[in-house]
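[1] would you be able to build a 3D model of this:
(2 chains)
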Amino acid sequence: MRRPEELLAPALLVLGAALLGLAASVSTQAYFVDTLVKVSIVVALYVFIGNSGVVSFGQISFVAVGAWTAGVLSVPSSEKPAIMPNLAHFLRQTTVGNVPSLALAALAGLVFALLVGLPLMRLSGLSAGIATFAVLAITNNLLRYYEKIGPGLNAFSSVPETTGIWQAAIGALVAVALAFGYQRSRYGRMLRATREDRPAASAAGISVYRQRLLAFTLSGAIAGFAGGLYIHLLPLNIDAFYLDLTFITLAMLVIGGSGSLLGAVVGALAVSGLDSFLAAAENGVDVLGWHIDLPAGTRLIVVGVLMTLVLILRPSGITGGREFSLTRRRPPETTAAEPAA
Amino acid sequence: MTVAILNVSWQTLADALALGGVYALMAVGIGLVFGVLRLVNFAYGQLIMAGAYALAFASQWNWPGWAGIVLCFAVVLALSVAMDRLVFRPLRTQSPSVMLVATFAIAFLLQSIALLAFGPLGKIATSLAPLNRPVTIGGVDIRKIAIVAVLVAAGCLLLLQLLLTRTSVGLHMRAASMDFDTARLLGVRANRVIGGAVLISGALAAVVAVMLTVQNPLVTPDFALYDTIVVLAGVVLGGLTRPIPATLGGFSIGFASGILGGALPTNQSQYLPTFLFAAVILVLLVRPNGLFTRGGGQLERV
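    Take a look at the predicted model:
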């Protein structure tokens, strides 16, 4: 394989985070597990947004659908009537284990993304941004009130909490490997060609619609899988899968650099690290003898300021939208213009 | 008393017209800035939220109604100018998607600041509450604010139309939104035109803040957030590039959401966002350039 370091660098970063998490105390480990799940979500965003250059605010709806699928299917049958009294009959009967629930979450994300993408991938630019936002709003509205397929407004309690540090790390590695395999394939290259110069790519016979649809569907599958990991981590309700998560994951992608897989992983780790530190600081922490006690709500402000500054000063992110490279000279094929977010 | 066909009461119809009027103003505010900057401002709702907090604090300090409105305008205008200077200006040369993501970040930033500064519970703006009482016209009760909102919206739109067609600033603005570079070559001053658009857009946000706080006096950090998302969809629905289609789009989505919200029973109206946004997606698929525009857009080469 040419330039294996492009896969190894993000994979090692994920492993490093997992090992740090293993070494940490139980309460700190929770932050690392959360971070690794965020890595999977941001990698899912990257597969579509990074490779196509089209902004989508809708990927979190696939995370939500994956979380709902895995959650509904893995609550023990005996507890279902208490948590979800209005659940559809067939869902009440079925309970699956941890791994099948994650696979089904990925499948649900894939199918939903395919269905949404079939009509939506014809749009681009602002229309695409607004339409994907509409998808997010619809998904949120339906999951919030339709109690035949989930707990509605209540939190998903009683889901087995199987996402520990190992499951989160393996999940993130699977996401990274899928994203890498895709971007190295001819389909990934074709999609990035449409990002750099759409008329030229079309003229070379690439169907922009088909390539975008493929990436959107793959992104949906990874997002659904990540949603499954997330719901196995802690009992969440529908509010956890709306604007806040959209904002924070998009910020991670933009800050890291939306043009590369390394950027997605670095952004997720860096922002999660900062975010977890600030979350701890909101409860008061001691750093090097200094006592820091920030008011609640500081986290989103700091992340928001950081994201705006990165967009203004360095729109291609921390990594500059480049993969990690051992050789100093970058090959000519990737020296094209800086990608749009 | 009801309108026979749809089983819609006159009050619902008046409220729907008022909501359409308010959303039309928001649509114009978003559309004007888009015209000159090619920037969709996600943070428009947070300008309105800031204005609403100004009104809430004014009523907490027992200021008279007019003073609250003045404070609201001052706060919103200052914030719009700051937003333009600090964020829009450095981003002017970026692609539309970068700017979209940036304004999304600003929206979140402002909301978090409000959450930190004023808390999650919200404040109540009461000084203009008398406007929320009903008035009886021909045996039908209609809330005063509905009438005021329709009149104010119509007045603002008329003034704006006069400004755009009868003054040189308006001519410059229209020229800049057709073709910014050529307009600059012909002597239109970029910063002046953009500053003008930002100020008018801010003034409209202040007007909307007043209207919305009368209808919904509880001001929270996510005040007007949902409305902005709906209006953005409406603006894209109507056609973003021209002011009149954008206004019509804003009005239609406000009117439709008012009628549906009033006419549907609760167990269906909770799915109102789904109906609205599904309609938006459908329209975008059939007419990607908007409902009220003519001619197809071409793929931009640059």
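[2] for the rest of this, base every contact and every neighbour count on C-alpha atoms.
    Noted.
[3] next, count neighbours for the closest residue to chain A within chain B.
    Nearest residue of chain B to chain A, counting by Cα to the nearest Cα: residue B:274, 4.6 Å away. For residue B:274, the neighbour count with other Cα atoms under 10 Å in any protein chain shown is 20.
[4] just confirm it is within a helix.
    Yes - secondary structure of residue B:274 (DSSP: H, G, I helix; E, B strand; the rest coil): part of a helix.
[5] how about it, what does it touch?
    Residue B:274 makes contacts with A:137, A:138, A:139, A:141, A:142, as judged by Cα atoms under 8 Å, 6 or more residues apart in numbering or on different chains.
[6] which among these gets closest to chain B?
    residue A:138 (4.6 Å).
[7] so which helix or strand takes in that closest one?
    According to DSSP states H and E, residue A:138 maps onto helix A:125-145.
[8] other residues contacting that helix?
    A:54-61, A:116, A:120-121, A:149-150, A:152-153, A:238, A:241-242, B:96-97, B:232-233, B:236, B:270-271, B:273-274, B:277-278, B:280-281, B:284, B:288.
[9] next one, pLDDT for the residue of chain B closest to chain A please.
    If you check residue B:274, the pLDDT there is 90.
[10] report the distance from the lengthiest helix in chain B to the chain centre.
    Criterion DSSP state H: the longest helix present in chain B is helix B:10-37. Distance of helix B:10-37 from its chain centroid, counting by Cα atoms, centre = their mean, to the nearest Å, is 6 Å.
[11] who touches the helix or strand following it?
    Scanning forward in sequence from helix B:10-37 by DSSP H and E, the next helix or strand is helix B:44-60. For helix B:44-60, the surrounding residues in contact (Cα under 8 Å, 6+ apart) are B:30, B:64-65, B:67-69, B:71-73, B:75-76, B:79-80, B:107, B:110-111, B:123-127, B:202, B:205-206, B:208-210, B:213, B:219-225, B:227-228.
[12] next, the angle helix B:10-37 makes with helix B:44-60.
    Note on geometry: by axes from the mean of the first three to the mean of the last three Cα atoms, to 10 degrees, helix B:44-60 and helix B:10-37 are set 120 degrees apart in direction.
[13] can you give me the strands in chain B?
    Here chain B has its strands, by DSSP state E, at B:2-3, B:8-9, B:123-124, B:134-137, B:140-143, B:218-219.
[14] which residues of the stretch 151-300 of chain B score low on pLDDT?
    Applying pLDDT under 70 to the stretch 151-300 of chain B flags the ranges B:293-300.
[15] can you give me the helices for it?
    Per DSSP state H, counting those that start in this stretch, the stretch 151-300 of chain B carries helices over the ranges B:168-178, B:180-185, B:190-215, B:225-238, B:243-263, B:266-269, B:272-286.
[16] what residues does the stretch 101-250 of chain A put near chain B?
    Contact residues (Cα under 8 Å from any Cα of the partner chain) of the stretch 101-250 of chain A with chain B: A:119-120, A:122-123, A:125-127, A:130-131, A:134-135, A:137-139, A:141-142, A:145, A:199, A:247.
[17] continuing past the one helix or strand residue A:41 maps to, what's the next helix or strand?
    Here residue A:41, judged by DSSP H and E, is contained in helix A:26-45. Counting by DSSP H and E, the element after helix A:26-45 in chain order, helix or strand, is helix A:51-52.
[18] can you pull the contacts of residue A:179?
    Per Cα under 8 Å, 6+ apart, neighbours of residue A:179: A:43, A:44, A:47, A:261.
[19] same question but for residue A:264, I mixed them up
    Counted by Cα under 8 Å, 6+ apart, residue A:264 has contacts A:39, A:42, A:43, A:46, A:252, A:253, A:254, A:256, A:257, A:258.
[20] okay, residue B:63 and residue B:69: tell me how far apart.
    Remark: distance between residue B:63 and residue B:69 (Cα to Cα, to the nearest Å) = 10 Å.
[21] of these two, who's got more company?
    More crowded of residue B:63 and residue B:69, by other Cα under 10 Å: residue B:69, with 23 against 15.
[22] for chain A, what are the nearby residues on chain B?
    Residues of chain B found near chain A (Cα under 8 Å from any Cα) are B:87, B:90-91, B:95-98, B:101-102, B:104-106, B:108-110, B:112-113, B:115-116, B:232-233, B:236, B:270-271, B:273-274, B:277-278, B:280-281, B:284-285, B:288, B:301.
[23] on that earlier part again, winner for burial among the strands of chain B?
    Compared across the strands of chain B, strand B:218-219 shows the largest average neighbour count, a mean of 22 (mean count of other Cα atoms under 10 Å in any protein chain shown).
[24] need the contact partners of it.
    B:49, B:52, B:53, B:56, B:122, B:123, B:124, B:125, B:213.
[25] can you do 6 Å?
    Residues from elsewhere that reach strand B:218-219 (Cα atoms under 6 Å, 6 or more residues apart in numbering or on different chains): B:122, B:123, B:124.
[26] tell me who's in contact with residue 259.
    Since no chain was named, I'll use chain A. Residues in contact with residue A:259 (Cα under 6 Å, 6+ apart) are A:50, A:321.
[27] correction: the question concerned chain B.
    Residue B:259 is in contact with residue B:16, counting by Cα under 6 Å, 6+ apart.
[28] tell me the centre residue of chain A?
    By Cα atoms, centre = their mean, chain A has its centre lying nearest to residue A:41, at 1.4 Å.
[29] do you know how far that residue is from chain B?
    Applying Cα to the nearest Cα, to the nearest Å, the value for residue A:41 to chain B is 18 Å.
[30] got the contact list for that residue?
    Contacts of residue A:41 (Cα under 6 Å, 6+ apart): A:223, A:226.
[31] can you do 8 Å?
    By Cα under 8 Å, 6+ apart, the neighbours of residue A:41 are A:63, A:222, A:223, A:226, A:227, A:249.
[32] now the last one: how far from residue A:269?
    With distances taken as Cα to Cα, residue A:249 is found 11 Å from residue A:269.
[33] identify the residue nearest residue B:271 in space, chain neighbours excluded?
    Nearest residue to residue B:271, sequence neighbours excluded (Cα to Cα, 6 or more residues apart in numbering or on different chains): residue A:141, at 6.5 Å.
[34] right, I mislabeled it, should have said residue A:241
    Closest to residue A:241 by Cα to Cα, 6+ apart is residue A:64, at 5.7 Å.
[35] dump the residue contacts of the one you found.
    Residue A:64 makes contacts with A:224, A:227, A:238, A:241, as judged by Cα under 8 Å, 6+ apart.
[36] for it, give its distance to residue B:103.
    Using Cα to Cα, we find residue A:64 at a distance of 24 Å from residue B:103.
[37] ok, now residue A:147?
    34 Å.
[38] next one: residue A:236
    In this structure, residue A:236 and residue B:103 are 28 Å apart, going by Cα to Cα.
[39] check residue B:275 too.
    26 Å.
[40] more crowded one of the two?
    Ranked by neighbour count (other Cα under 10 Å), residue B:275 and residue B:103 place residue B:103 first, with 22 against 15.
[41] tell me the contacts of the more buried one?
    Residue B:103 sits in contact with B:40, B:41, B:42, B:43, where contact means Cα under 8 Å, 6+ apart.
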